[in-house]
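Trainee: quick one, structure for this:
(2 chains)
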Amino acid sequence: MRPANAIAMLLALTLSAGSIALAAPRRRAVAPVPDDVTITFVSRPGLLDLGSVVHKASETIQIRVDRRGGSRGSATLRAYLVSPDTRCSIRVDGQLLGAAPIVIDPQVPIGAVASHRINVDVPVTAAEGPLNTTIAWEASTN
Amino acid sequence: MKRFLMSSLIIAALAVGTSAFAATNSATLTVTGTIDSSISMTVESAGGTTSGTGTAAATSALGSISKYGSAPTGFTLARGASNWTLSSTVGVQVDKANLTSTDYTLEAQLGSAPASGVTWKLNGSTLSDSAATTLTSTGTYGSTGSYSWDIVVADSAAAAAIDNTINFTATSN
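Mentor: Presented below is the predicted three-dimensional model:
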């Protein structure tokens, strides 16, 4: 290796490391707190009562994702089951929910209300009785 | 030299990568309801020219019937001394959902009083419009039960339409 090249490389590394050292504190300072983004159930206050369910039920809910300060942009909306009821399956916009988050909408406009269809299917072999399950929704700004 | 450049690029990439923060938050929606048990009944088959089989409202047209004429489609005709009988079967299926019951009771009743001199029978029992007749009290879910269906017409009966409706009622045991 020629000395000139070695010096250039060392200089490049030094500058790169320097930029990290300088930039890191600044980026930590702007890292958003979790409640920078909020999810609001516009049509329901976090509770969807389907009433009597014979075979299947479906409802449409409306969700709005907001960001503190009113800034615009988009977010990715995911959903999963926190406490599944094994007697039924739940779909959001046709997508079957499970324990792992799945993307419901990769481009939710911040501040806009979006409708989502929830379908509950009950197999004929499922025991009758109260149904209780919780869907967790997660929004991340893009 | 190449290794060194690669290291530099990786470091640079890491520096860029840490700059992309995404704000994340979550909320929960609780879904409640009550799973109700249910049963459904369908007429799967019947004599005559039928329509609506596989549903809960089937129709069977016998056309013109007479003692010395031909039997309608799906029927046999037996001539007696003072009456004549058209015989066929009716197939009824009862399905269940979210129900622990193992069998059901099936009853039948005429929708209106039969024409004078005309008797309607299912499973050998005479039907009326005033009380239900039990066809079975141990019906099996999910399979078609076949019940004999007889229409007995007295020779003295007036020549007229015999139209009627058989109402089936299934009750889980």
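Trainee: all strands of chain A, in order?
Mentor: Secondary structure of chain A (DSSP state E): strands located at A:37-41, A:47-53, A:56-67, A:74-83, A:89-92, A:95-96, A:102-109, A:113-121, A:129-141.
Trainee: the shortest one pairs with which strands, parallel or anti?
Mentor: If I follow you right, that is strand A:95-96. strand A:89-92 (antiparallel) (DSSP bridges).
Trainee: average pLDDT for the partner strand?
Mentor: Mean per-residue pLDDT for strand A:89-92: 96.
Trainee: one more: stretch B:116-135?
Mentor: Across stretch B:116-135, pLDDT averages out at 97.
Trainee: list the buried residues of that stretch.
Mentor: Residues of stretch B:116-135 classed as buried by neighbour count (16 or more other Cβ atoms under 10 Å in any protein chain shown): B:118-123, B:127, B:132-133, B:135. All C-beta atoms are positioned from the backbone trio N, CA, C, and that covers glycine.
Trainee: ok, back up a step: now the strands of chain A as JSON lines including mean neighbour count?
Mentor: Output for those, formatted as JSON lines (neighbours: other Cβ atoms under 10 Å in any protein chain shown):
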{"stretch": "strand A:37-41", "mean neighbour count": "18"}
{"stretch": "strand A:47-53", "mean neighbour count": "15"}
{"stretch": "strand A:56-67", "mean neighbour count": "17"}
{"stretch": "strand A:74-83", "mean neighbour count": "19"}
{"stretch": "strand A:89-92", "mean neighbour count": "18"}
{"stretch": "strand A:95-96", "mean neighbour count": "13"}
{"stretch": "strand A:102-109", "mean neighbour count": "15"}
{"stretch": "strand A:113-121", "mean neighbour count": "16"}
{"stretch": "strand A:129-141", "mean neighbour count": "18"}
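Trainee: pretty sure residue A:60 is touching residue A:117, no?
Mentor: Yes - Residue A:60 lies in contact with residue A:117 (Cβ atoms under 8 Å); the separation is 5.3 Å.
Trainee: which among the strands of chain A is found nearest to residue B:108?
Mentor: Closest approach to residue B:108 among the strands of chain A (Cβ to Cβ): strand A:47-53, 28.5 Å.
Trainee: what comes into contact with the closest one?
Mentor: By Cβ atoms under 8 Å, 6 or more residues apart in numbering or on different chains, the residues outside strand A:47-53 that reach it are A:57, A:59, A:61, A:88, A:118, A:120, A:122, A:131, B:29-36.
Trainee: ok, stretch A:88-99 next?
Mentor: Residues contacting stretch A:88-99 (Cβ under 8 Å, 6+ apart): A:53, A:79-81, A:84, A:102, A:104-105, A:116-123, A:126, A:131, A:133, A:135, B:31, B:35.
Trainee: swap in 10 Å and give it another go.
Mentor: A:50, A:53, A:56-58, A:60-61, A:77-84, A:102-105, A:114-123, A:126, A:131, A:133, A:135-137, B:29, B:31, B:33, B:35 (Cβ atoms under 10 Å, 6 or more residues apart in numbering or on different chains).
Trainee: wait, what's in contact with the closest residue to residue B:83 other than its chain neighbours?
Mentor: Counting by Cβ to Cβ, 6 or more residues apart in numbering or on different chains, residue B:154 is the residue found nearest to residue B:83 once chain neighbours are left out, at 4.7 Å. Going by Cβ under 10 Å, 6+ apart, residue B:154 touches B:80, B:82-84, B:116-119.
Trainee: wait, which of those residues is closest to residue B:68?
Mentor: Of the contacts of residue B:154, the one sitting nearest to residue B:68 (Cβ to Cβ) turns out to be residue B:84, at 8.5 Å.
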